[in-house]
Structure formats: C-alpha cells, structure tokens
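A.B. asks: next input, structure requested:
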Amino acid sequence: MPTTATETTAGKETVGDAGITIQDPRTGEVLWTVPQAGPDAVNDAVDVARRAAPGWAATAPAERGAALRAAAKALDAAAQELAGLNASETGRPEAEALAGIAAAVSTLEQYAELGPVHRGHSLRGSRLASDYTVAEPRGVAVLLTPWNDPVAVACGLIGAALVTGNAVIHKPSERCPRLGEALGEVLAPAFPAGVFLTLSGGADVGAALSQAEVDVIAHVGSSASGARIAEAGARTGAHVIRENGGNDPLLVDRDVDPAWAAEQAAIGAFANSGQICTSVERIYVHKDIAAAFCSALEAEAALRNSNGSVAPLVDLRMRDAVHGHVAEALGQGARAVEGGSLPDGPGSFYPATVLLGCTEGMQVMTEETFGPVAPVQVVDTFDDGLRLACSGKYGLAATVLSSNIAHIQQAVAALPVGTVKVNAVFGGAPGGAAQPRGESGAGFGYGPELLDEFTQVKVVHIAAPPAPADPGAGSVVDEQDLP
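C.D. replies: Residues are numbered from 1 along each chain as shown. Reported below is the predicted structural model:
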C-alpha cells in the first residue's frame, strides 16, 4: 500500500507499507511501528460486525449495560498502562492522560446506566389500541476517533454505540495507534466475539470504512475529513455524527477583572498545548481593560514557558501548521509579546504564544490553529466584539466573560454555536450534549442524546381485530359501549 502520510521526519507519524511508525514528540526517537489494516481486513471487519450485530441487538439492555460496566472496570485497571502509551505517542503529560482515562471510565459507567432506561414514548390513540415507539440499534457503527483526548472521546462513542445494541468497528487516530490497539485489547473481552473490533490505519483505512456498507459513522476530527465522511454517508445511506473543527471565540467585557479574564484566556488557549476542540482560538477584549488584560495574559504565557508546563505538540506536522498561522499573523502586523518562534532542540515543542494587534482577516482569527496560541483583537464596544465572535464558518463553542446580564443574554441569543460558556472557559454539568453547527459538525456528540443518534425509532400501532363471524366464539367490545 502506498505511503499516505508525510515523509519520515522526527516527530511525525508515517503511514506506509510497513505500517504506522510513531516517533516520540519529545525527543524525535522512533518508538514503534504498528501494522496497518489492508482492504481485506476492512471488508472482513465489516462482515464480522454485520454477523455479530443481530445477536447483540437481541441481548437484553440490562445485559448490555452489565457488559459496559465490566469494560469500565477493565479500563480502570489498565489506566496506568494506557496513560503511558498516551504520553509516549502524543506527548500529553501522563497526569492529564490519566484524567482523560478516568473520564472515560465514568462515561462508560454512565452509559451502562442510561442504556437500559433508554425508552420510547406512548402515543395517544384509540382506547382499544396500543400506540408507542421503540428505539432500535442501527446495526454496524464505525467510530473514527482523534488523538488529542483519545481514550475519553473514544469511550463516549463506544459506550453509547454498544449499549444501544450496535456492533462497533473502532479506528483510532494514526497518531496514537498503539494506544488505540491497547484500548481495544482492554475493552473487547467484555463483549461477545465480533461485537467490538479495532482497526489501525491512516486516512485510507478511515475512508474505506466510511465508504463501506455500514449503518452509522461517528467522527471526531478535522472539518475537512468530516466533510468527506458526510459525503460518503450521503452515498451509502449511513447516519453520520460529526464533531469537527472549531474556531472558538472568547469575548471579554469591560466590567470583569482583567487578571481573572487573562487567567481564563490562558487556560482556554494553552491547556493540552491548545490541542482541544473547544480551545480558545481567538480573543476579543474591550478597549477599557485591554492594556491590563494583555499584560496579564503575557505574564500567564511567560510563566508557562519558563516552568516547562507546555507539553509538545503531537508531531512536527502539527507544529508546522501552528507556526504557519503565527508567521502569517506576524507578517500582517501582529506582535508576539510572548512566544511566537520555533524553539531549538528535539521534539515538537511550541511555546505558549500571545499575539497582539490581530485583525479579523488573519488565519489565527478565522481558522482552527490547534496550538498554544492566544491571538487578541481589541474592540471598542461589546457589540463590536459580539459581531466578530459571531463571524466565521465554524460553530462549536464560545465563551463570554461578563458581569452584565443584558450582555450575557444578548450573547447567548446571538452566538451561532452549539455551546455557550459564561464566565468559565471549561466545565459544565454532565449530560450537556450539544449540536455543533456549520463546519464544526452535526448531531449530538455526548450525553443521553447520543443514544438517540445510535438508534432509529419505530412506531407501533396495535389495534383490536374485528369480531369473529361465529357469534358463539365471542365478540370484541366496541369502544362506544365502554362506560
């Protein structure tokens, strides 16, 4: 099979005939090569899952929930091993990787409880008839998951798909293939043979799976890949769920503490080295507090750079893309008051970067940078900032920092995104499922509503049969004769 990824360079994964070769994002050293699934393996996996699906669909929901609880227990026991693989392949700090796995365990446990009580609705019809809906599994589900929080994101989709009775084929990101395989080895024994399968591979394997005769495709990743998957689903008839790229704005009002606002901005822009779908990607700050805010944000970035708390980006390909956005902004008049240059040394490190003097035409303000970059644009009024925050082709999430309830309500009503966060860049109650908009995707990605995405509704109407011809055989009571 021809090579489909970039050339072999320190810190880049390479997909080719030998498989997927992963290099340490901290040192550039080769870690391992993981075999890639070929076309026959893709076809075989679909066939195996198709044969296993009816039996799993017929399994009592409570039994499916029990299997998911067993999978959660196994995952918890393997947390340290998986966190180590996560840190090795993606550069994520091991403590953060462990937190992601803990979230995954919790998610599997939640779906183990939610699945058996996922119910239909009774409908109001004739008193002598029964009308109701039932939710049935779609069949075979393909799950294409990312590398930036690989266990937590994967387990959300895996849990919802399996507990609703679907057979699952999981393709983890080619940037963390050994972790993806290990996750499959941990979870699969909890389910009957063929119900949960894992395939390793690059974009060509994902494309083959999305073009196969499957029933649902769930994808978390780039908008470009998501668009191709949506097109494939339109051709095959598969139901497609997508959480794709974002360009999430942070709108800072004039009435908040600038030091606190800068701390929020830094958390949103620099957490996981900016490699979070809902990272703060662009900042609009009111001119009245802009000077104090920008000074505090510069200090937040400088602290992270000096104490070494910024982990490397996943690979050099990602670092090149991030620095390309920064370099373009600098060429168009932005100023890097902290960071903004490629560091010396091995690996794919990139500093926490604060860009001032940004304008709305720059890529750092219009595209998903996906790195530890905080681009700032000063606005004259809250309305100006809100107008800019509402612009663009993405619609994942947005954050507003304000003490003005009128401004908050105005922003909540206007922002064309799936999630609006007020006075906290991250957080929220469990079950907060959202529907991304625009190029950020479609369908519910989390919470109880994700169970609906993996099922289809059947309406049932049961009426009384007509009275038998033989009067001695009994008769059906007419509804109008009832008291």
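A.B. asks: any regions of the stretch 351-483 of the chain where pLDDT drops low?
C.D. replies: For the stretch 351-483 of the chain, applying pLDDT under 70 flags the ranges 471-483.
A.B. asks: could I get the full set of helices for the stretch 1-150 of the chain?
C.D. replies: Assigned by DSSP state H, counting those that start in this stretch, the stretch 1-150 of the chain shows helices spanning 39-58, 61-77, 79-90, 94-114, 150-163.
A.B. asks: elements contacting the third one?
C.D. replies: Meaning helix 79-90. If contacts are counted by 3 or more CB pairs under 8 Å, 6 or more residues apart in numbering; DSSP states H and E, helix 79-90 sits against helix 94-114, helix 150-163, helix 177-187. All C-beta spots, glycine's among them, are computed from the backbone N, C-alpha and C.
A.B. asks: which one, of those helices, ends up nearest to G28?
C.D. replies: Closest approach to G28 among the helices and strands packed on helix 79-90 (CB to CB): helix 177-187, 17.3 Å.
A.B. asks: so after the closest one, what's the next helix or strand?
C.D. replies: Next helix or strand after helix 177-187 toward the C-terminus (DSSP states H and E): strand 196-198.
A.B. asks: and for that following strand, what's in contact with it?
C.D. replies: Strand 196-198 is contacted from outside by 45, 48-49, 158, 162, 167-172, 180-181, 183-185, 187-188, 190, using CB atoms under 8 Å, 6 or more residues apart in numbering.
A.B. asks: please redo it, this time with the cut-off set to 10 Å
C.D. replies: By CB atoms under 10 Å, 6 or more residues apart in numbering, the residues outside strand 196-198 that reach it are 37, 41, 44-46, 48-49, 52, 56, 67, 71, 140, 142-143, 154, 158, 161-162, 166-172, 177, 180-185, 187-191.
A.B. asks: so what strands line up beside it?
C.D. replies: strand 167-171 (parallel) (DSSP bridges).
A.B. asks: the strand it pairs with to helix 39-58, inter-axis angle?
C.D. replies: 140 degrees (axes from the mean of the first three to the mean of the last three CA atoms, to 10 degrees).
A.B. asks: how many residues are close by G427?
C.D. replies: Applying other CB atoms under 10 Å, we find 8 residues neighbouring G427.
A.B. asks: phi, psi of it?
C.D. replies: Backbone torsions of G427, given as degrees, to the nearest 10, read phi 110, psi -180.
A.B. asks: most tightly surrounded among the helices and strands packed on helix 79-90?
C.D. replies: Mean neighbours per residue, mean count of other CB atoms under 10 Å, is largest over the helices and strands packed on helix 79-90 for helix 150-163, with a mean of 28.
A.B. asks: quick one: mean pLDDT for that one?
C.D. replies: Averaged across helix 150-163, pLDDT comes to 98.
A.B. asks: distance between that helix and the chain's centre?
C.D. replies: For helix 150-163, the separation from the chain centroid amounts to 10 Å (computed by CA atoms, centre = their mean, to the nearest Å).
A.B. asks: follow-up on the earlier one: of the helices of the stretch 1-150 of the chain, which is nearest T33?
C.D. replies: T33 lies closest to helix 79-90 among those, at 12.3 Å (CB to CB).
A.B. asks: list the buried residues for the closest one?
C.D. replies: Going by neighbour count (16 or more other CB atoms under 10 Å), the buried part of helix 79-90 is A79, L82, A83, L85, N86, A87, S88, E89, T90.
A.B. asks: dump those to a markdown table, plus pLDDT.
C.D. replies: Converted to a markdown table, the buried residues of helix 79-90 look like this (pLDDT from 0 to 100):
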| residue | pLDDT |
| --- | --- |
| A79 | 98 |
| L82 | 98 |
| A83 | 98 |
| L85 | 98 |
| N86 | 98 |
| A87 | 98 |
| S88 | 98 |
| E89 | 98 |
| T90 | 98 |
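A.B. asks: take the residues you listed and lay them out in JSON lines including distance to L250.
C.D. replies: Shown next, in JSON lines, are these (distance: CB to CB, whole Å):
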{"residue": "A79", "distance to L250": "32"}
{"residue": "L82", "distance to L250": "32"}
{"residue": "A83", "distance to L250": "30"}
{"residue": "L85", "distance to L250": "33"}
{"residue": "N86", "distance to L250": "27"}
{"residue": "A87", "distance to L250": "28"}
{"residue": "S88", "distance to L250": "32"}
{"residue": "E89", "distance to L250": "30"}
{"residue": "T90", "distance to L250": "25"}
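A.B. asks: with adjacent residues omitted, what lies nearest to A67?
C.D. replies: A190 (5.0 Å; CB to CB, 6 or more residues apart in numbering).
A.B. asks: circling back to that earlier point, closest to L330 among the buried residues of helix 79-90?
C.D. replies: Looking across the buried residues of helix 79-90 and measuring by CB to CB, the closest to L330 is T90, at 27.5 Å.
A.B. asks: quick check: the closest one touching N148?
C.D. replies: Yes - T90 is in contact with N148 according to CB atoms under 10 Å; the separation is 7.3 Å.
A.B. asks: now list whatever residues contact both of those two.
C.D. replies: When CB under 10 Å, 6+ apart defines a contact, the residues bordering T90 and N148 alike are S173, R175, C176, N272, S273, Q275, V314, M318.
A.B. asks: for those, pick the one with the most neighbours.
C.D. replies: Counting neighbours by other CB under 10 Å, S273 comes out on top of the shared contacts of T90 and N148 with 33 neighbours.
A.B. asks: relative to I101, how far out is it?
C.D. replies: 19 Å (CB to CB, to the nearest Å).
A.B. asks: again, but for A112
C.D. replies: For A112, the distance to I101 equals 17 Å [CB to CB].
A.B. asks: burial count for S126?
C.D. replies: Neighbour count for S126, taken as other CB under 10 Å: 11.
A.B. asks: look up phi and psi at it.
C.D. replies: The phi/psi pair for S126 (degrees, to the nearest 10) is phi -60, psi 150.
A.B. asks: where in the stretch 151-300 of the chain is pLDDT low?
C.D. replies: Ranges of the stretch 151-300 of the chain meeting pLDDT under 70: none found.
A.B. asks: helices of that one, start to end?
C.D. replies: Under DSSP H, counting those that start in this stretch, the stretch 151-300 of the chain gives helices at 177-187, 203-210, 223-236, 258-270, 287-307.
A.B. asks: can you redo these as TSV with distance to A463?
C.D. replies: Output for these, formatted as TSV (distance: least, CB to CB, whole Å):
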stretch	distance to A463
helix 177-187	44
helix 203-210	42
helix 223-236	36
helix 258-270	57
helix 287-307	67
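A.B. asks: which of these sits closest to V322?
C.D. replies: helix 258-270 (11.9 Å).
A.B. asks: who are the packing partners of the closest one?
C.D. replies: Secondary-structure packing of helix 258-270 (3 or more CB pairs under 10 Å, 6 or more residues apart in numbering; DSSP states H and E): strand 249-252, strand 282-286, helix 287-307, strand 353-356, strand 373-379, strand 397-401.
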